[in-house]
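A.B. asks: sharing a model that was predicted from the sequence below.
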Amino acid sequence: MSRHLLQIEGMYPPAIAEMLDLAESYVLLNRSGKTQRDLLRGRTLINLFFEDSTRTRTSFELAGKRLGADVINMSVASSSVNKGETLLDTAATLNAMHCDLLVIRHGESGAPALLAQKVDASVINAGDGTHEHPTQALLDALTIRRRKGRLEGLTIAICGDVLHSRVARSNIHLLTTLGSRVRVVGPPTLIPTEAARLGVEVFHDMREGLQGADIVMMLRLQKERMTRGLVPSAREFFRFYGLDAEKLAYAKPDALVMHPGPMNRGVEIASAVADDPVRSLIREQVEMGVAVRMAVLDILARRNRPNV
Ligand code: NCD
């Protein structure tokens, strides 16, 4: 068992289930208002964010505090210095500080893995470039499992900017590993060429892709990662690929809607769908995020001996 959580790819079902099951118990604990502040007492968690984040960073912070860890937030402004060099300097600093758990978000795919080789702490990838965002996939899986009772056999449509989405990549690995039928839906310019190799079905038409789906997972159009014009205009994108009530009607009558946030309302999703109290799981995803991160911190801290 690894003391790091760098990616979902390669994880076995029992390891994923262990995290989901423990997270489930943390949902109940959080709802009951009880705390477990002894669990990580004396342990230090550093949040190292090289990219912006609202929910992921605060969610890790809250999770760490609920388990009694000392939590430090380091926001590192992006600079033009050579990324590799900066990271290795940072690793030396973190080792000197005897940090136990290191949560890192970075614009470069593979940065957390590089850091993991250089630090004594357990490293948790909170999103690296377009590679993976493992805790997001775990919280999405927990959200689905709690609502649908299972993941196996469900048809899950992941829609929109799949190309730039680390959320999509982690979800594809996790959901296919646990037996869901995964589809990706989007314009050809936003679907990665390796999609078919990942064991998913590819659709370029929303109505066809949503047909019979149990879960419709929308993704943010990641303009900041687009180096060339991959979509005509936000208005045009919404017309063809934005989720509104009319397109959602093609999915199963009890299909549920998800989005990792932050949302571009009126671009990939209509407000009426995002805020629909019956169909939308978006708020629940945020709640599950705290429980999943508590479970991950708890499990990794147990795997990594305390620093002395
Ligand atoms: C995602 C991310 O940063 O990868 N956000 C998140 O963590 N909830 C998705 C996104 O930025 O669109």
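C.D. replies: Cool, got the structure. Numbers count the residues shown, from 1 in each chain.
A.B. asks: state the helix or strand in which Tyr250 lies.
C.D. replies: Here Tyr250, judged by DSSP states H and E, is contained in no helix and no strand.
A.B. asks: quick one: the helices in the chain?
C.D. replies: 13-32, 55-66, 83-96, 111-116, 134-148, 166-177, 206-210, 234-241, 245-248, 271-274, 282-303 (DSSP state H).
A.B. asks: where among those is the average confidence lowest?
C.D. replies: Of all those, the minimum mean pLDDT falls on helix 83-96 (a mean of 80).
A.B. asks: contact partners of that one?
C.D. replies: Residues outside helix 83-96 that contact it (C-beta atoms under 8 Å, 6 or more residues apart in numbering) are 46, 48, 76, 79, 102, 106, 108, 111, 114-115, 118-121. From N, CA and C alone the C-beta is placed, and that goes for glycine too.
A.B. asks: and with 10 Å instead?
C.D. replies: Contacting residues not belonging to helix 83-96 are listed as 44, 46, 48, 50, 74, 76, 78-79, 81-82, 99, 102, 104, 106-108, 111-112, 114-121, 123, 307 [C-beta atoms under 10 Å, 6 or more residues apart in numbering].
A.B. asks: sort out which of the residues you listed are in strands and list them.
C.D. replies: Using DSSP state E, the members of the contacts of helix 83-96 that fall within strands are Thr44, Ile46, Leu48, Met74, Leu102, Ile104, His106, Val123.
A.B. asks: for ChimeraX, write the select line for the buried members of the contacts of helix 83-96.
C.D. replies: Applying 16 or more other C-beta atoms under 10 Å to the contacts of helix 83-96, the buried members can be selected in ChimeraX as follows:
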select :44,46,48,50,99,102,104,106,108,111,112,114,115,116,119,121,123
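A.B. asks: near the ligand, list only the ones from the contacts of helix 83-96.
C.D. replies: When contact is defined as C-beta under 6 Å from any ligand atom, the contacts of helix 83-96 do not meet the ligand at all.
A.B. asks: got JSON lines for the ones in strands among the contacts of helix 83-96, with pLDDT too?
C.D. replies: Output for the ones in strands among the contacts of helix 83-96, formatted as JSON lines (pLDDT from 0 to 100):
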{"residue": "Thr44", "pLDDT": "96"}
{"residue": "Ile46", "pLDDT": "95"}
{"residue": "Leu48", "pLDDT": "92"}
{"residue": "Met74", "pLDDT": "84"}
{"residue": "Leu102", "pLDDT": "96"}
{"residue": "Ile104", "pLDDT": "96"}
{"residue": "His106", "pLDDT": "93"}
{"residue": "Val123", "pLDDT": "97"}
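A.B. asks: ok, those vs the ligand, which is closest?
C.D. replies: Distance from the ligand was checked for each of the ones in strands among the contacts of helix 83-96 by C-beta to the nearest ligand atom. The minimum falls on His106, at 11.1 Å.
A.B. asks: residues from the stretch 101-250 of the chain in reach of the ligand?
C.D. replies: Within the stretch 101-250 of the chain, the positions adjacent to the ligand are Gly127, His133, Gln136, Arg166, Val167, Arg220, Gln222 by C-beta under 6 Å from any ligand atom.
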